[in-house]
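# Just the structure for this:
(2 chains)
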Amino acid sequence: MKRIFAREELCIGCRLCEIHCMVQHSRSRRILTAMLHEKDILTPRVKVQESGQLTFALQCRHCERPRCMEACMTGAITRDPATGIIKHDEKRCVGCWMCVMNCHCGAIVPGRESHVASKCDLCAGSDTPACVANCPNEALIFEER
Amino acid sequence: MRKWLVEQEFVAERDVDRCINCSVCVRQCANDVHLVDEETGCVLSDSQSCVGCHRCTTLCPTKALTIKSAPQEFRENANWTADRIQGIYKQAEGGGILLAGMGNDRPWPVLWDNMVLNASQVTNPSIDPLREPMELTTYLGRKPDRIELESDGNGGVSLKTQLAPQLKLAIPIMFSAMSYGSISYNASLALARAAQAMGTFANTGEGGLHKDFRQYAGNMIVQVASGRFGVDVDYLNIASAVEIKIGQGAKPGIGGHLPAEKVDAQISATRMIPEGSDALSPAPHHDIYSIEDLRQLIFALKEATRYTKPISVKISAVHNVAAIASGCVRAGADIVAIDGFRGGTGAAPLVIRDNVGIPIEVALAAVDTRLREEGIRNQASIVAAGSFRSSGDVIKAIALGADAVYIGTAALISMGCHLCQKCYTGKCNWGIATQDSRLTKRLNPEVGTRRLTNLLRGWSLEIKEMLGGMGINAIESLRGNREHLRGVNLSDRELNILGIKAAGE
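Next comes the predicted model:
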């Protein structure tokens, strides 16, 4: 399956990926409306990791053996058999945060206000995830490896 | 005395209705113009140090930022303009030479804009480059005075004359000398890769050839400048051609200085100088004080490369450029590169950048005319440099007599340069003219290569269209063909020097 890969040598740490991720998963999908009026309920599903000059964007790796899925007690986290994407059903999620604790790269976070977990869905339904499409330096690539 | 007389040059205006306080601008500005107010969490701007590079406006996801010239105006005075007053304030505070990057930005006339091209109508057919082949291939190097052919007796003919080494260019546009040091590793890499992709040449400048770039040496011209940085026999022999840098259009008569803080381990190894030492290029070559001395260096380089590579001599366009170019050709140069006074630089004294040298248009015409008159035009190719802004400028230069052109500023602009002219500060927000690793990674070399390649492709398509319109199917047929140019709003004397007729003639 296609995954998002970060090229840390090219990541400029601008965090535009986080912004466009939030917009993509907002109700309005319009940047001004989303960021000015919906921001409190939006959680970026990609997070720029920073240590000194080293920066890179990290999101769900859609693991072969997803610890989050194993830990989920309600079956809210499932693997899409067709695409391989690890999906999170917010309706089933009870906010126990077991997935958050189990994810080895910290890619699942408690949603702001929503009390359910929040994770990358590879912008299901679009050809290119928003973070990849909007990275100004092409530091994120979406490809099969 | 506090630095309080110098007014800010720009103002970063923030549309608070559009600002989403995302801090992208804060993270992108190396000049610390934008900041997050700790109490309110709002992003604010302090425009005092804004250089107008537009990095923030370009990356702002909501286009909430606009950079404007500072609204504070000096009292109107046609003589004492704001920049002159500001210059004096800066010097009164600092007491040094005012520095500037990129090319001359004074409103000197640009003669390309006073020249127009011809096109075919009725009596001669134009050519459609989409239907018929158009030849842009250009060979740079010494051409023989005459050629002798040899028959094999069976109707076959071969060339008996031994040709001098030539550079084969798929398009008559090369990348100017920009050293690794003055520009970043990624920028240098993008130039080398784009040159290779488009079948043309990049020029190392005076900073040596990084070991990683040796794989592109088949598309690299290496420079031997007054500092002799990075020069050894391998450097000369791996390259496609060797260029002796005598002068640079932005700063004729002036040497160079790469500050010690930019000389990191990589640059130190490439330039073959100690890490953290200033890289000083003397103003003259200390072994060249005459044409005879130049001849010695040219032939030393020819010997070192076993006469397999063309040797270029780059001079800045100055008053006696025609005589100097003639001397260079007689000294053995296979290519003479002339850099006009609008050419760019990483750093030059402002007063020199803006006042010294002559425009490339007249220098090129004068040199081409002089070499023709002396019957030595075939002995060297002419490469023109010094601010080619479009394919229109390029094709006019070729019609005036250039074999090819160097583009430097245009190449940097294609990679994102916004001409803020602050290359010398080492804080290039676009990651081009800097060695700060936080900034250099802002230029993805793959993106840079693609953009440079696109630019060259675009220009070559336009050149083919213009050639076709003139009814010419090979760039060779336009070279020095000044009949295809006419001057508009030029004096008789200027027309005479340019060797072109006035429009209507």
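# if I look at the closest residue to residue B:112 other than its chain neighbours, how far off is residue B:406?
Nearest non-adjacent residue to residue B:112, counting by Cβ to Cβ, 6 or more residues apart in numbering or on different chains: residue B:393, 4.6 Å away. Just so you know, the C-beta spots here come from the backbone N, C-alpha and C atoms, and that holds for glycine as well. Between residue B:393 and residue B:406 the distance is 12 Å, computed by Cβ to Cβ, to the nearest Å.
# The two: who's more crowded?
Using other Cβ atoms under 10 Å in any protein chain shown as the criterion, residue B:393 and residue B:406 rank with residue B:406 on top: 28 against 24.
# That one pairs with what?
Residue B:406 forms beta bridges with residue B:174, as assigned by DSSP bridges.
# Within the helices and strands, which one has the residue nearest to residue B:112?
Per DSSP states H and E, residue B:393 falls inside helix B:391-400.
# what does chain A have sitting close to chain B?
Counting by Cβ under 8 Å from any Cβ of the partner chain, the residues of chain A lying close to chain B are A:9-16, A:19-20, A:31-32, A:35-36, A:39, A:53, A:134, A:136-139.
# Contacts for stretch A:86-100 next, please.
Under the criterion Cβ atoms under 8 Å, 6 or more residues apart in numbering or on different chains, residues A:60, A:62-63, A:66-69, A:71-80, A:108-110, A:114-119, A:121, A:124 lie in contact with stretch A:86-100.
# Only the buried residues of that stretch, if you could.
A:86, A:87, A:88, A:93, A:97, A:98, A:99, A:100 (16 or more other Cβ atoms under 10 Å in any protein chain shown).
# isn't there a strand covering the last one?
By that I understand residue A:100. No: with DSSP: H, G, I helix; E, B strand; the rest coil as the criterion, residue A:100 is helix rather than part of a strand.
# what's the pLDDT at it?
With respect to pLDDT, residue A:100 scores 96.
# go on, the third one?
In the prediction, the pLDDT value recorded for residue A:88 is 95.
# Residue 52 - how many residues pack around it?
You didn't pick a chain, so chain A it is. Neighbour tally, residue A:52, other Cβ under 10 Å: 6.
# To clarify, I was referring to chain B.
19.
# what sits against it?
Counting by Cβ under 8 Å, 6+ apart, residue B:52 touches B:9, B:10, B:67, B:418, B:420.
# Look at it and report its pLDDT.
pLDDT recorded at residue B:52 is 97.
# what about the residue in chain A that chain B sits nearest to, neighbour count?
Nearest to chain B, among the residues of chain A, is residue A:35, at 3.7 Å (Cβ to the nearest Cβ). Neighbourhood size, residue A:35 [other Cβ under 10 Å]: 22.
# And for the helix or strand harbouring it, what's in contact with it?
Taking DSSP H and E as the criterion, residue A:35 maps to helix A:31-37. Applying Cβ under 8 Å, 6+ apart, the external contacts of helix A:31-37 come out as A:19-20, A:22-23, A:26-28, A:42, B:18, B:20, B:22, B:61-62.
# Export it to CSV, keeping only CA atoms.
Output in CSV follows, covering the C-alpha atoms of helix A:31-37 (Å, rounded to 0.1, in the frame of the first residue of the first chain):
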residue,chain,number,x,y,z
ILE,A,31,-9.1,27.3,5.5
LEU,A,32,-10.4,30.5,7.0
THR,A,33,-13.6,29.0,8.4
ALA,A,34,-11.8,26.0,9.7
MET,A,35,-8.9,27.8,11.3
LEU,A,36,-10.9,30.7,12.7
HIS,A,37,-14.1,29.1,13.8
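# How about residues contacting the helix or strand following it?
Next helix or strand after helix A:31-37 toward the C-terminus (DSSP H and E): strand A:47-51. Contacts of strand A:47-51 with the rest of the structure, by Cβ under 8 Å, 6+ apart, involve A:11, A:13, A:15, A:17-18, A:55-59, A:106-107, A:109.
# if we go to 10 Å?
A:6, A:8, A:11-18, A:21, A:55-59, A:105-107, A:109, A:120, A:131, B:27 (Cβ atoms under 10 Å, 6 or more residues apart in numbering or on different chains).
# quick one: residue B:457 and residue B:199, what's the gap?
For residue B:457, the distance to residue B:199 equals 11 Å [Cβ to Cβ].
# in the stretch 251-400 of chain B, which spans are helices?
Assigned by DSSP state H, counting those that start in this stretch, the helices in the stretch 251-400 of chain B fall at B:265-271, B:291-304, B:321-330, B:350-355, B:360-373, B:391-400.
# closest point of chain B to chain A, which residue?
residue B:20 (3.7 Å).
# need the contact list for that residue.
Listed by Cβ under 10 Å, 6+ apart, the contact set of residue B:20 reads A:19, A:22-23, A:31-32, A:34-36, A:39, B:43, B:60-62, B:64.
# Using pLDDT, spot the least trustworthy of those residues.
residue A:39 (87).
# what about it, how many neighbours?
17.
# That one touches residue B:21, doesn't it?
Yes: counting by Cβ atoms under 10 Å, residue A:39 touches residue B:21, with 8.9 Å between them.
# if we can go back for a sec, so how do I select the buried members of the residues of chain A next to chain B in PyMOL?
Those of these that count as buried under 16+ other Cβ under 10 Å are selected in PyMOL with:
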select buried, chain A and resi 10+11+12+13+14+15+16+19+20+31+32+35+36+39+134+136+137+139
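# just checking, what's the longest helix in the chain?
Picked chain A for this. helix A:16-24 (DSSP state H).
# look at chain B instead
helix B:445-469.
# hey, what's in contact with both of residue B:393 and residue B:406?
B:384, B:386.
# in what helix or strand does the residue lying closest to residue A:107 once chain neighbours are set aside lie?
Closest residue to residue A:107 apart from its sequence neighbours, by Cβ to Cβ, 6+ apart: residue A:60 at 4.3 Å. According to DSSP H and E, residue A:60 maps onto no helix or strand at all.
# hang on, isn't residue A:60 packed against residue A:123?
No: Residue A:60 lies out of contact with residue A:123 (Cβ under 10 Å); the separation is 11.8 Å.
# Quick check: neighbours shared by those two?
A:4, A:45.
# Between the two, which is the more surrounded one?
Higher neighbour count among residue A:60 and residue A:123: residue A:60, with 23 against 20, using other Cβ under 10 Å.
# And the pLDDT for that one?
Per-residue pLDDT puts residue A:60 at 96.
# How about the contacts made by it?
A:3-4, A:45-46, A:66, A:68, A:85-86, A:88, A:103, A:105, A:107-108, A:118-122.
# what do you get if the cut-off is 7 Å, keeping everything else the same?
Applying Cβ atoms under 7 Å, 6 or more residues apart in numbering or on different chains to residue A:60 gives the contacts A:86, A:107, A:108, A:119, A:120.
# Could you do residue B:354 as well?
Applying Cβ under 7 Å, 6+ apart to residue B:354 gives the contacts B:104, B:106.
# Please tell me how far it sits from residue B:106.
5 Å.
# Write out the residues of chain B neighbouring chain A.
Chain B has residues B:18, B:20, B:22, B:24, B:27-28, B:59, B:61-62, B:437-438, B:441-442, B:444, B:446-447 near chain A, with proximity defined as Cβ under 7 Å from any Cβ of the partner chain.
# For the most centrally placed residue in chain B, list the residues it contacts.
Residue closest to the mean C-alpha point of chain B, counted by Cα atoms, centre = their mean, is residue B:408 at 2.7 Å. Shown in contact with residue B:408 (Cβ under 7 Å, 6+ apart): B:175, B:176, B:178, B:343, B:344.
# what's in contact with the helix holding residue B:393?
With Cβ under 7 Å, 6+ apart, helix B:391-400 has contacts from B:112, B:115, B:117, B:172-173, B:361, B:364-365, B:368, B:384, B:388, B:405, B:459, B:462-463, B:466, B:475, B:478-479, B:481-482, B:484-485, B:498.
# For PyMOL, what selects the buried ones among these?
Buried subset of the contacts of helix B:391-400, written as a PyMOL selection, criterion 16+ other Cβ under 10 Å:
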select buried, chain B and resi 112+115+117+172+173+361+364+365+368+384+388+405+459+462+463+466+475+478+479+481+482+484+485+498
